[in-house]
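Undergrad: Sequence first, predicted coordinates after that:
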Amino acid sequence: PNGIVYAEDVQPPMIESITRRTARANVRNVRTVLGTSTDPRLPGPVDAVLIVDAYHEFEQPIMMLANVARSLKPEGRIGILEFKKDGWGPGPLMDERMDPERIVRDAQAAGLRLLSRETFLRYQYMLVFTHR
């Protein structure tokens, strides 16, 4: 309740939807941010960034990750969740799913290092990164 959550999207209708939902729920610590396809435009510094089922949509993933990293505190974390490529469960088509090793390579090119690989989700994996 004492923190601020920045809810970022590149689509104005999604920003409007988030604004309506938080108002309806009387949630007062969410701030919306309209980003671009290469820059989330997060006000920094932030403690953590969570990218859920969106990485496969990035047109320029290395540039996006570099811009996300710029908004992090020195000890900040980036969590990326994507659907597994094992063919099971919900999610995007198989050819849209991301190989986790590609995300790791992209993150390294953006100046990040892998901290952990989380497997607690049934249909998704989570990679956690921080500054190098």
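TA: Happy to help now that I have it.

Undergrad: residue boundaries of the strands in this protein?
TA: 5-9, 30-34, 46-52, 72-83, 112-118, 124-131 (DSSP state E).

Undergrad: which strands and helices sit next to the third one?
TA: By that I understand strand 46-52. strand 72-83 (3 or more C-beta pairs under 8 Å, 6 or more residues apart in numbering; DSSP states H and E). C-beta here means a position set from N, CA and C on the backbone, and glycine is covered the same way.

Undergrad: Go through the strand it packs on and flag the buried ones.
TA: Neighbour-count burial for strand 72-83, with 16 or more other C-beta atoms under 10 Å as criterion, is recorded at 72, 76-83.

Undergrad: Of the strands of the chain, which stretch is the most buried?
TA: Each of the strands of the chain was assessed for mean neighbour count using mean count of other C-beta atoms under 10 Å. The highest is strand 124-131, with a mean of 19.

Undergrad: before we move on, back to that, wait, which of the strands of the chain is closest to residue 58?
TA: Between residue 58 and the strands of the chain, the tightest spacing by C-beta to C-beta is seen for strand 46-52, at 8.7 Å.

Undergrad: chain center to that closest one: distance?
TA: Going by C-alpha atoms, centre = their mean, to the nearest Å, the spacing between the C-alpha centre of strand 46-52 and its chain's C-alpha centre is 6 Å.

Undergrad: Please report the distance of residue 124 from residue 85.
TA: 11 Å (C-beta to C-beta, to the nearest Å).

Undergrad: cool, residue 95 as well?
TA: Taking C-beta to C-beta as the criterion, residue 95 is separated from residue 85 by 10 Å.

Undergrad: Also residue 104?
TA: Distance from residue 104 to residue 85, counting by C-beta to C-beta: 14 Å.
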